[in-house]
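Novice: okay, sequence plus prediction incoming.
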Amino acid sequence: MNDVNSRVKVFPPDQEELRQALLRYLKYILCTDSIELYVVSELFADGVSKFWEAIIDQTIEKIPAVIFIKISDAENQGAINFLKLKLPNWQTWDPTQYKLKSLLSHFKVSR
Amino acid sequence: MQILIFVTHARAELTNDYQKPYAGFNVQEQEVDKPIKITIDNEKQLLFAYVKEFGEGGNLTDAINKLIGIWNEVGNGDKIRIFIHHRSINDNVLNSIKDALIKSSIAFYSHIDNTVWPILTEIKRICQGGTLDNNNERFKKLFDELWNLHSAGERKRKLSIIKHRIMHWFLPMDIDFQGISELLNQEKEDEARQYLKDILNPNINRNYQEQLAALWYALAKYQSDEEIREESDESVASDSQKNMHSIDILLNKEKAISELICGKTEEKVINAWKSLLNVSGLSYSDTDPFKDIKHNPEAPICKFMGRLDSLKKNWEPNKSGPLDIRGIIKISDASETLKNLMPNGANIIDDMLFPDWFCLLMKCLTELEEALGGVS
């Protein structure tokens, strides 16, 4: 199996264990050598400003696939509506409702 | 004096009469910017204020400043509770408030809820024009109902925060074991073993029993004897052990779930609490589920986490011979044991794996949250 050189970023960035678990999953299950993926677990926490700056300023040339973990639609409708306009490729993920594999199968992931 | 502050972005809540769909106090247009104050027997005061900045296009900083101004005007204290008529920005509002006392005093309501809104509408009915129509006893009763709803809402919100943290606490582990089980479903046992080896790599700073211990602390501030001994002998603990051993990581010095719900007697709450303890590997007194809480070493999840720590500690990378991967990742005897423990006969599947346990834990937390009722 090839090692993975995935470009997975998590927001807030202090969740290294989550990032490593995702890297392992992508390595063993998707078996691909390069994936660009952002994973956002808090929309407004400290450390997420870089994500918002990238979205608002379009400083990333190609916005990667984005997973929002368990973001409540009801309480963040304004932000979700904004993201719908800016992001072409994103999904929300409630880990208690869907397996990660099922979520990724609906994704267009850059390789 | 108990003070209930209502803040709305909707002008109609003041200017409409109570019979219109968007019920209001029926005050004159020129009086809209002046808060309505209704005080009974110098014991209970309802203050209703229009802050347009909370509405569409409003500046949230200005809105918060006005709210703090109202708070300061009525006097500082722990007998003030605030309801804000929201428009889907609850998190933004709370994140913008630095004062912990004010923040903890806030709950939200809306014209489409069936908790606060009907009671508030009845208050508006007996306070048309912004003054009470001599119906003092009725007003007091409605006031108390709102006051109690607010308390329930506060408990529910705190529980929701702990639930969110618990989900994120176990999520990396959930992803890992989803991956392994996926490979086993595809009959790729060798790759599944390699996956498990990666997870149990000693360089990965994860201690499974300590992860469970943090959950126990979040549920009931329970610490096992071993953990208390370790804490009292920190000089022998390595730096990495100390880093991992932050048992309060999920609570961050806030109240445990047991403290939030202690005193509740509703059957729904008690059953949901017992289920939560059972799934988490904690036992409790037969007569009172808030007493004698301790871990049950025979609980499926305790045995599973202990097995992983033991494997990690004794891992020999070059050791040949098959590893019973299916046996290791199964939460042993989960089916029968948990079926017996769950008061509501939850749907426990055979051959429970970690992701199934994780979903069950979250289900128990959701049931408890719903059983608490109240506003959010």
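Specialist: Yes, it's here. Note that the structure is a prediction, hence the values are computed from the model and not measured.

Novice: CA atoms for contacts and neighbours, from now on please.
Specialist: OK.

Novice: contacts for stretch B:126-139, please.
Specialist: B:17-18, B:24-28, B:36-38, B:40, B:123-124 (C-alpha atoms under 8 Å, 6 or more residues apart in numbering or on different chains).

Novice: got a ChimeraX select line for the buried ones in those?
Specialist: Selection of buried members from these for ChimeraX, criterion 16 or more other C-alpha atoms under 10 Å in any protein chain shown:
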select /B:17,18,24,25,26,27,36,38,123,124
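
Novice: neighbours around residue 82, how many?
Specialist: Here I'm looking at chain A. 12 (other C-alpha atoms under 10 Å in any protein chain shown).

Novice: could you do chain B instead?
Specialist: Neighbours of B:I82 (other C-alpha under 10 Å): 23.

Novice: likewise B:D225?
Specialist: B:D225: 10 surrounding residues under other C-alpha under 10 Å.

Novice: check B:N92 too.
Specialist: Other residues lying near B:N92 total 14 when counted by other C-alpha under 10 Å.

Novice: grab the nearest non-local neighbour of it.
Specialist: Closest residue in space to B:N92, ignoring its immediate chain neighbours: A:F44 at 7.7 Å, by C-alpha to C-alpha, 6 or more residues apart in numbering or on different chains.

Novice: so the one you found belongs to a helix, correct?
Specialist: No: under DSSP: H, G, I helix; E, B strand; the rest coil, A:F44 sits outside any helix and is assigned coil.

Novice: tell me the span between the first and last residue of stretch B:281-301.
Specialist: Using C-alpha to C-alpha, to the nearest Å, one end of stretch B:281-301 lies 6 Å from the other.

Novice: list the buried ones in that stretch?
Specialist: B:281-284, B:289-290, B:293-296, B:299-301.

Novice: tell me the one of the residues you listed nearest chain A?
Specialist: When the buried residues of stretch B:281-301 are ranked by distance to chain A (C-alpha to the nearest C-alpha), B:I301 comes first, at 17.8 Å.

Novice: that closest one: which element?
Specialist: Using DSSP states H and E, B:I301 maps to helix B:300-313.

Novice: what does B:K141 give?
Specialist: Judged by DSSP H and E, B:K141 forms part of helix B:136-185.

Novice: surely B:I293 touches B:T287?
Specialist: No: using C-alpha atoms under 8 Å, B:I293 is not in contact with B:T287, being 11.8 Å away.

Novice: among the buried residues of stretch B:281-301, which lie within strands?
Specialist: Assignment to strands by DSSP state E places the following of these there: B:L282, B:S283, B:K294, B:H295.

Novice: need those residues in CSV with pLDDT, can you?
Specialist: Output for those, formatted as CSV (pLDDT from 0 to 100):
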residue, pLDDT
B:L282, 96
B:S283, 94
B:K294, 95
B:H295, 94
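
Novice: for A:I67, state which of these is nearest.
Specialist: B:L282 (33.8 Å; C-alpha to C-alpha).

Novice: what residues are up against that closest one?
Specialist: So B:L282 contacts B:W216, B:I293, B:K294, B:H295, B:N296, B:A299 (C-alpha under 8 Å, 6+ apart).

Novice: kindly present these as TSV, with separate columns for distance to chain A.
Specialist: Putting the contacts of B:L282 into TSV (distance: C-alpha to the nearest C-alpha, whole Å) gives the following:
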residue	distance to chain A
B:W216	20
B:I293	27
B:K294	27
B:H295	25
B:N296	25
B:A299	22
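
Novice: and the next element down the chain from the lowest-mean-pLDDT helix or strand in chain B?
Specialist: Ranked by mean pLDDT, DSSP states H and E, the weakest helix or strand in chain B is helix B:239-244, scoring a mean of 44. Following helix B:239-244 in sequence order, the next helix or strand is helix B:257-261 (DSSP H and E).

Novice: ok, residues contacting that next one?
Specialist: So helix B:257-261 is contacted by B:R155, B:K158, B:L159, B:I162, B:A218, B:L219, B:A220, B:F290 (C-alpha under 8 Å, 6+ apart).

Novice: tell me the contacts of the last one?
Specialist: The one in question is B:F290. B:S258, B:C262, B:Y284.
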